[in-house]
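Chemist: Please find the sequence and the predicted model below.
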Amino acid sequence: MLPLGLLTAAQGHPMLVELKNGETLNGHLANCDNWMNLILKEVVQTSPEGDRFFRLPEVYVRGNNIKYLRIPEEIVEMVKEQQQNQPQNRNRGGREGRGDRGRGGGRGGRGRGRGRGGKFGDFSDVDTSHVSVLLFFGFPMRKDNSALHGLEMRRTSEEPKAQKRTETQGNDLAGSSIAHQSSQQSQLNSERREHVSAPRSPSIALPPSPGVPKNLEERSTPELENRLQELATGSPKILSASQILRILIRDRHVRPEVRHYRALILANSDAERGSPEVVRQLLSEMEKNGIPADSGTLHAALQVLAVHPDYLLRQGILRTLRDRWLPLSPAGWHYVVAGLLRENQFELALDHIAHMERKEIMVENWLHSLLIYNLCDIQDFDEVLHQMRKRTSQGHDMTTELWLYVLDVAVAASHLETTRYIWTQMVQLGYLHPSKVLCRDTLTVAAEKGDTKLASLVIRFLSESDVPLILQDYEKTVEAHVNSGKLSSAFEILCKMHKAGIKLEHTSTRAIFNYMVQTRTSPRQAWAILKKLKSSKYLIPMECAHVVIELCDYESFHDPFAVDEGISLYQELYTLCPGKADVSVYNTLIGMARRAKNIQAGMFAVKEMSSLGVIPNHKTFEHLIMMCLDAGNFESAYRYYQDLVARGFRPDAYTRREIRSVCSESSDQYAILLRDHPQMEDDPAGDTIASNEAASDQSISIRKIGSETPPRYADRSERRMREPPMRVVLSKEARRAASKERRKRKRRLLAIARAQEEDDWMDYEPGGLVPEDQLKPDETQTS
């Protein structure tokens, strides 16, 4: 146990106390009792990890919580002299370790000046990253570097001997201002340090460095120095560098040199804990303490600024290098460009890269990748393509991850040139293997831009990768040929799909239809292309002929004679296409006949359906009903409506509104029956579903047109303009009811279809589309 006489003599002097929980208290001993319970004034408390500091005005410490004590060297000398003067008490007291003369022994950052009276403000929390590298590790300062920022301690104690008494000042723990000391005080401090020697027979073991692994403490100083340099150049970490520097500077009293500053600066390259502000403080500290920052240290600061950019500090370092005639190394150029990229100064970064190329400095892969990633973030794909082409022309490789990333973002941005370049340079040659999702996205870009070569390359890659091609893949290929202006090639692909057994859908010809509408291609011109393919031994699918008839339907909006063109093409249909036309072809014919008010054309289409046994759908009946209403034949419209209901169909919401609107203007008995039919009532769930289906299925071929007979209905078309369907959000119960109704309707349709195999649906004639009193004599005889 430490003699109480030594503690009594140490009252009023600095003392470091380490507790059993790892915390340290650095303050002035104010009082102690017989049980070694201490009262410390003006205390700096350090956390067990050594990374947090607290200033406390007064602390009471119980003796059974104390692990180690450190007191100033001069107190031990004074007690020793007293013991020598009193032989009977020679065995009392003794030297209790060096104590580092109160200059910050203990954990890093607890540098205390000699004497008493250290002044602190209120309780505060201080970050260790702003503490001086010398005071942080408790190194005895020279007279030229005694004024370091990080910790301020003003000492006002009086010592027995004049040559061991002085007043020293430091900086405040939380501040960065420099406290100027007189040359006499600095000289006395220097002389006192020169006369201090190692303890000859210490009775108190020095505590281990807090927060430092034991395996580091057991290593020799050269090993720690080498380990510090390895950390600085390998994977910089502030915590690891601080642990080594704490052992070297605080415990082993290695004088800080430029290499230690450089290592601590490089440690701030830590992406998580690094800070450019700490680098600025360390460089300022080196300058004020007369330690010149060499080229390696300045380049280390540039490396930190590449991770934590600070434009002003970077420019200051570059100015310092220029003023000292120190060249910027190739690594320094890379650090400068990386910092500019992180600051989003892309033009300046590209200018620096061009300067590097003029100086024949090779751009490393990591910097080039960083440049490409940042350019992709701002979607400057023209510059990305330029940089990648230049990189490959120089013979440098790029990682497959970079190629794949650029392909992904270029496809997402629909940048054709970059997508095509990567595909031809990497995918086509087998160096890159994108996923099938990315391949299909690439095919979409090729289709939108009309790049048939890229589309064929993607299809070939999917086939060679054993990925089964789906209908959408072929449709995108057709779209690519259409957008490139090759209508004949698009029809040819559809013919090849039909020959390969791939069933074409209505969506398969949408790209062709849109192209013909946009380019104002005449139906006869498109039909001639199909006839040419027919002469080339191609089997023409019915969908190709149907899209040409749809083009006639589109032209019927502004040209009533387009109906005759459509009927003429239909009459040539079976010489061009094998098989039987489906109901959609006849719906298109009836729709444009209704629009052109060409009753004979409509009746021709109906008779063709009857003769060929084509089963009508709800859209067919809707066209016929509206055609009869336009002609004022309410009886035929009512009978067609009964046929529609009997087959389990129901008009959509738009058609029901049109029927009610027309019938409400007439007093005809069939108009009243049709208007008041139970199926004409609004059903919220069913109407919403039906209106949504009508909005998606109804084409321009069944738009409502006006009528000339009878005259009272002539202006009705303007009052019944088609209204866009409104989107209504259904409740869960409504959706369930609508789904149930659709399933019920589907089962009914299947039952009707089975019954129609035995019963011809066209045996019943509702009486014609035109009233008998309005028929001409020749028409009556013909009918």
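Modeler: Looks like it arrived, so ask away.

Chemist: how is the protein carved up into domains?
Modeler: With domains defined by automatic domain parsing, the chain comprises 4-209, 623-783.

Chemist: Could you tell me which ranges of this structure sit under the pLDDT cut-off?
Modeler: Flagging of the chain using pLDDT under 70 yields the residue ranges 1-4, 83, 85-212, 682-733, 735, 752-783.

Chemist: Please enumerate the strands of it.
Modeler: Here the chain has its strands, by DSSP state E, at 14-19, 24-32, 38-46, 52-61, 66-70, 125-127.

Chemist: just so I know, which of the ones you listed lies nearest residue 610?
Modeler: strand 125-127 (91.4 Å; CB to CB). C-beta coordinates here come from the backbone N, C-alpha and C atoms, glycine included.

Chemist: how many other residues sit next to residue 222?
Modeler: Counted with other CB atoms under 10 Å, the neighbours of residue 222 add up to 8.

Chemist: Repeat that for the one 10 residues further on.
Modeler: Other residues lying near residue 232 total 24 when counted by other CB under 10 Å.

Chemist: State the distance from it to residue 352.
Modeler: 25 Å (CB to CB, to the nearest Å).

Chemist: go on, residue 489?
Modeler: Applying CB to CB to residue 489 and residue 352 gives a distance of 48 Å.

Chemist: contacting residues for residue 262?
Modeler: Shown in contact with residue 262 (CB atoms under 8 Å, 6 or more residues apart in numbering): 232, 296-297, 300.

Chemist: ok, now with 6 Å
Modeler: Applying CB atoms under 6 Å, 6 or more residues apart in numbering to residue 262 gives the contacts 296-297, 300.

Chemist: now the closest residue to it other than its chain neighbours: how far from residue 326?
Modeler: Leaving aside its sequence neighbours, residue 262 sits nearest to residue 297 (CB to CB, 6 or more residues apart in numbering; 4.6 Å). According to CB to CB, residue 297 stands 11 Å off from residue 326.

Chemist: Those two - which one has more neighbours?
Modeler: It is residue 297, of residue 297 and residue 326, that has more neighbours when counted by other CB under 10 Å, with 22 against 14.

Chemist: can you put the strands of the chain in CSV and add distance to residue 679 and mean neighbour count?
Modeler: Converted to CSV, these look like this (distance: least, CB to CB, whole Å; neighbours: other CB atoms under 10 Å):
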stretch, distance to residue 679, mean neighbour count
strand 14-19, 90, 24
strand 24-32, 91, 23
strand 38-46, 87, 22
strand 52-61, 80, 16
strand 66-70, 94, 19
strand 125-127, 79, 13
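
Chemist: Distance to residue 238 for the ones you listed - can I get that in CSV?
Modeler: Converted to CSV, the strands of the chain look like this (distance: least, CB to CB, whole Å):
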stretch, distance to residue 238
strand 14-19, 23
strand 24-32, 20
strand 38-46, 17
strand 52-61, 14
strand 66-70, 26
strand 125-127, 11
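
Chemist: Give me the neighbour count for residue 20.
Modeler: 10.

Chemist: what does residue 48 give?
Modeler: Around residue 48 there are 15 residues (other CB under 10 Å).

Chemist: gap between the closest residue to it other than its chain neighbours and residue 43?
Modeler: Nearest residue to residue 48 in three dimensions, chain neighbours excluded: residue 22, at 3.1 Å (CB to CB, 6+ apart). Distance, residue 22 to residue 43, using CB to CB: 16 Å.

Chemist: what does residue 275 give?
Modeler: 27 Å.

Chemist: repeat for residue 358
Modeler: Taken as CB to CB, the span from residue 358 to residue 43 is 60 Å.

Chemist: same check, this time on residue 468
Modeler: Counting by CB to CB - residue 468 and residue 43 are separated by 77 Å.

Chemist: One more: residue 431?
Modeler: Relative to residue 43, and taking CB to CB, residue 431 is found at 66 Å.

Chemist: Same question for residue 222.
Modeler: Taking CB to CB, one finds residue 222 at 37 Å from residue 43.

Chemist: do the same with residue 677
Modeler: Taking CB to CB, one finds residue 677 at 96 Å from residue 43.
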